[in-house]
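> this one's structure only:
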């Protein structure tokens with residue numbers, strides 16, 4: 001497999017009712033990895049997230065995706081009811097194939113984060129002439 005997910009652990013529940021809400025709002029990452037021409041594409045559901053809510057980091061062979069949906073009330077207003085779920089996503093993957101780090105792209109559209117991971121081009125074979133020393 002191209003990507004190996006590393007386990008992430010949700011916070012422990014604070015109250016007994018938190019177990020129910022944590023099950024609903026501890027957002028499990030729904031990720032799809034597809035091999036495309038020239039590399040791989042990773043798609044992750046991030047409903048309601050904007051570009052500012054998503055962070056993608058690539059360090060060595062580790063790809064980390066973080067996203068959070070926070071719905072803060074406007075200044076001077078008071079929230080009376082909250083039914084829209086707030087969630088936080090953090091998923092780490094170990095890249096098992098070399099990629100071209102300089103050409104990695106990430107975009108968010110219609111609640112889906114798409115990360116394009118281009119395959120690293122194989123180095124060209126070069127014949128080196130041998131001379132008499």
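Received the coordinates, thanks. As the structure is a prediction and not an experimental result, all values here were calculated from the model. Numbers count the residues shown, from 1 in each chain.
> and the strands in the protein, which stretches?
3-6, 31-36, 39-45, 54-59, 62-69, 87-95, 105-109, 112-118 (DSSP state E).
> skipping adjacent residues, who's closest to the most centrally placed residue in the chain in space?
Centroid check for the chain by CA atoms, centre = their mean gives residue 65 as the closest residue, at 2.8 Å. Excluding its sequence neighbours, the residue lying closest to residue 65 (CB to CB, 6 or more residues apart in numbering) is residue 91, at 5.1 Å. Every residue, glycine included, has its C-beta placed from N, CA and C.
> what's the burial count for the one you found?
Summarising burial for residue 91: neighbours were counted as other CB atoms under 10 Å, giving 21.
> how much space is there between it and residue 42?
10 Å (CB to CB, to the nearest Å).
> tell me, what's touching the two both at once?
Shared contacts of residue 91 and residue 42, defined by CB atoms under 8 Å, 6 or more residues apart in numbering, are found at 31, 65.
> number of nearby residues for residue 92?
For residue 92, using other CB under 10 Å, the count is 18.
> and what of the one 3 residues further on?
Neighbourhood size, residue 95 [other CB under 10 Å]: 17.
> kindly report the same for residue 52.
Around residue 52 there are 8 residues (other CB under 10 Å).
> coming back round to it: between the strands of the chain, which one is nearest to residue 76?
The minimum distance between residue 76 and these falls on strand 62-69, with 22.3 Å, by CB to CB.
> what's the closest one packed up against?
Other helices and strands packing on strand 62-69, by 3 or more CB pairs under 8 Å, 6 or more residues apart in numbering; DSSP states H and E, are strand 39-45, strand 54-59, strand 87-95, strand 112-118.
> contacting residues around the last one?
Strand 112-118 is contacted from outside by 38-46, 49, 54, 56, 63, 65, 67, 95, 99-100, 103-108, using CB under 8 Å, 6+ apart.
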